[in-house]
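Student: structure of the sequence below:
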Amino acid sequence: MYHWFKPWRVLSVLAALLFTSSLQAGELVRIAAASDLRYALDDIIELYREANPAANVQVVYGSSGKMTTQIINGAPYDIFFSADIAFPKRLEQEGLTATPPAVYAIGRIVLWSNTLDAEGLTLNDLTSDSITRIAIAQPAHAPYGLRAREAMQAAGVWEAVQPKLVFGENIAHAAQMAASGAAQVGVIALSLAKFPELATHSHYLIDDNLHNPLTQGYVVTRRGGDKPEAMHFADFMATEQAHSIMEQYGFVMP
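Tutor: Residues are numbered from 1 along each chain as shown. Sure thing, here's the model as predicted:
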């Protein structure tokens, strides 16, 4: 025997489903992340949402130094993924963390170009008269820019290339400058060079003996410590699935 739903009954069922869905929706988790994570972390968040459909995660990318200042000044971030563990350590010293700073990856820098065969370049080639504009992230607040400067200093080319340098606000901005042609060469994160849109061009992996390690660290902030969802996502970053994605983008796992 068939049972037919009356319109009012259908509406009541839909209302109940919507109400249940709203109850299950996760509390908003706000993440501040270094720009070198722009593609890797997007993929990880997508994977996390597949396993946790109610997850409500938002991420803002920028320079680690500037985001540290923002958090100190009260920016409402629950988790901070920095390109240099020194910044999470600073937040810990300020009493603004719920977890101790932890290493989540080691980054690498590369030479990348939209117009030149970067695979055949070295840091010494940056002094060539044929290269007139070189993009790097601002060393004052971006760890990847600082490591780029250290590498060029170690290679003995820093003084010669300074007139050619154009500075991005963060490493993603520096990569954008190189990709757009605003600079002939960029010293960018390997993780960005491996993104499909940039991976069509070659890159040269800079010897990591020429600079201090890009030891990347994270913390759950004091604000995020009150959110089980924030702690849950932080734990997810330590899973094999998340590590696999990070490795695809050239990060070295600790």
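Student: give me the residues contacting stretch 35-54.
Tutor: Residues from elsewhere that reach stretch 35-54 (Cβ atoms under 8 Å, 6 or more residues apart in numbering): 24-26, 31, 33, 55, 57, 59, 61-63, 81, 83, 107, 137, 142, 144, 170-173, 189, 191-192, 195, 216, 232-233, 236-237, 241-242, 245-246, 248-249, 251. Using the backbone N, CA and C atoms, a C-beta is placed for each residue, glycine as well.
Student: same check on stretch 85-99?
Tutor: 64-65, 67-68, 71-72, 80, 82, 100-101, 103, 143, 215-222, 224-226, 231, 234.
Student: in strands, which of these fall?
Tutor: Counted as lying in strands by DSSP state E, out of the contacts of stretch 85-99, are 80, 103, 215, 216, 217, 218, 219, 220.
Student: and the second one, how far is that from residue 172?
Tutor: To residue 172, residue 103 is 22 Å away according to Cβ to Cβ, to the nearest Å.
Student: who has more neighbours, these two?
Tutor: A direct count of neighbours by other Cβ atoms under 10 Å for residue 103 and residue 172 places residue 172 higher, at 26 against 14.
Student: so the more buried one sits in a strand?
Tutor: No. According to DSSP: H, G, I helix; E, B strand; the rest coil, residue 172 belongs to no strand; its state is helix.
Student: residue 84: neighbour count?
Tutor: Around residue 84 there are 24 residues (other Cβ under 10 Å).
Student: wait, it sits on residue 64?
Tutor: Yes. Counting by Cβ atoms under 8 Å, residue 64 is a contact partner of residue 84 at 5.7 Å.
Student: pull out the buried members of the contacts of stretch 85-99.
Tutor: Applying 16 or more other Cβ atoms under 10 Å to these, the neighbour count classes 64-65, 67-68, 71, 80, 82, 101, 143, 215-222, 224, 231, 234 as buried.
Student: these two touch, right, residue 82 and residue 214?
Tutor: No. Residue 82 is not in contact with residue 214 according to Cβ under 8 Å; the separation is 10.4 Å.
Student: what segments of this structure are strands?
Tutor: Under DSSP E, the chain gives strands at 29-34, 57-62, 79-81, 102-107, 109-112, 134-137, 165-168, 185-189, 203-205, 214-220.
Student: note down every partner strand of the second one and its orientation.
Tutor: The strands that strand 57-62 pairs with in its sheet are strand 29-34 (parallel) (by DSSP bridges).
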